[in-house]
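What follows is a predicted protein model with its sequence.
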Amino acid sequence: MDIDVLGALAVRENGLSVTPTAPKPRQVLALLALHADQVVPVATLIEELWSDRPPRSARTTLQTYVLQLRDLIATALLRDPEGAEPRSAKDVLVTTPGGYLLRTGGGASDVREFERLAGLGYRAMDAGDFPGAARQLGEALSLWTGSALADIQAGTQLEMEIRRLEETRLCALDQRIEADLRLGRHREILGELTVLISRYRTHENLHGQFMLALHRSGRRSEALDAYQRLRSVLVRELGFEPSAGLRRLQRSILMSGPEPTLDPVAAGGERLSRVG
């Protein structure tokens, strides 16, 4: 079974989609897919579907959704290669004493591949291999085709998982940009950073990277303007000043001394990590 969640939900068995069209069965499949090869408790699925106000028929209705998913899986299993060990839909979407488990059988998962590639990228950063880090993190980020589970009507459980996935994406993006800055690619990433600081209006590290890229591109006044805009947003919306690390970067640009750096990885300095 192949699973994609870094964008629209897509679950395939033998190349055939087993993703339902109805919203609530899609929620059930999305939660099972995010925790593939792990038991998802019935209580967790019920909370996802109905929050803290489940109907009396919640368990029965959940079983109905599971049966609908199994019908789709059963159709896909008809494509199993000749001579393969026979499987039923219950072997793929398994009922356990406490919940349900979706077996992937070693199939592809974009989340698992993203985590593998991002991990390689982080290790390359730690080792000072910035070309390798930029490459691995870039490959990891290329797996994203949109927001996580972009086409799913998410309940409380999925909303939490989506936030977690988006944070892992942002961390990988932050580190890939850091690697690009170490490689002197400041001009190449200015357009991307312009979009990112507009989307993440209070993310200090992205703004610091933007300021640094502007300054290294000979656009000192624009770098200082970017700091003032961020400061205004932080004070007005969150009630605090920029972090000490970002203030040091602003002063360094202002004084036009030695080239300023934003070096939280290799030097172990302070990360500019407030996210809004």
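Arrived safely, thanks for sending. What you see is a predicted model; the values in this text were computed from it and never measured. Numbers count the residues shown, from 1 in each chain.

what's the following helix or strand after the top helix by length along the chain?
Across the chain, the longest stretch assigned as helix under DSSP state H is helix 156-182. Scanning forward in sequence from helix 156-182 by DSSP states H and E, the next helix or strand is helix 190-199.

The helix or strand that that following helix is followed by: how far from the chain's middle?
Following helix 190-199 in sequence order, the next helix or strand is helix 204-216 (DSSP H and E). From the chain centre to the centre of helix 204-216 is a distance of 22 Å (Cα atoms, centre = their mean, to the nearest Å).

So which elements touch helix 204-216?
Counting contacts by 3 or more Cβ pairs under 8 Å, 6 or more residues apart in numbering; DSSP states H and E, helix 204-216 packs against helix 156-182, helix 190-199, helix 220-233, helix 244-255. In short, each C-beta sits where N, CA and C put it, glycine included.

Tell me what angle the longest helix of the chain forms with helix 204-216.
For helix 156-182 against helix 204-216, the angle by axes from the mean of the first three to the mean of the last three Cα atoms, to 10 degrees is 20 degrees.

So for stretch 121-131, mean pLDDT?
Averaged across stretch 121-131, the pLDDT comes to 98.

For that stretch, which outside residues touch it?
For stretch 121-131, contacts defined as Cβ atoms under 8 Å, 6 or more residues apart in numbering pick out 132-137, 140, 172, 175-176, 178-179, 182-183, 265-266.

and these, which two are the farthest apart?
Taking Cβ to Cβ, the two most distant members of the contacts of stretch 121-131 are Ala140 and Ala266; they sit 20.3 Å apart.

Neighbour count: these two, which is higher?
Ala140 (27 against 14; other Cβ atoms under 10 Å).

Having no further points to raise, I will conclude here.
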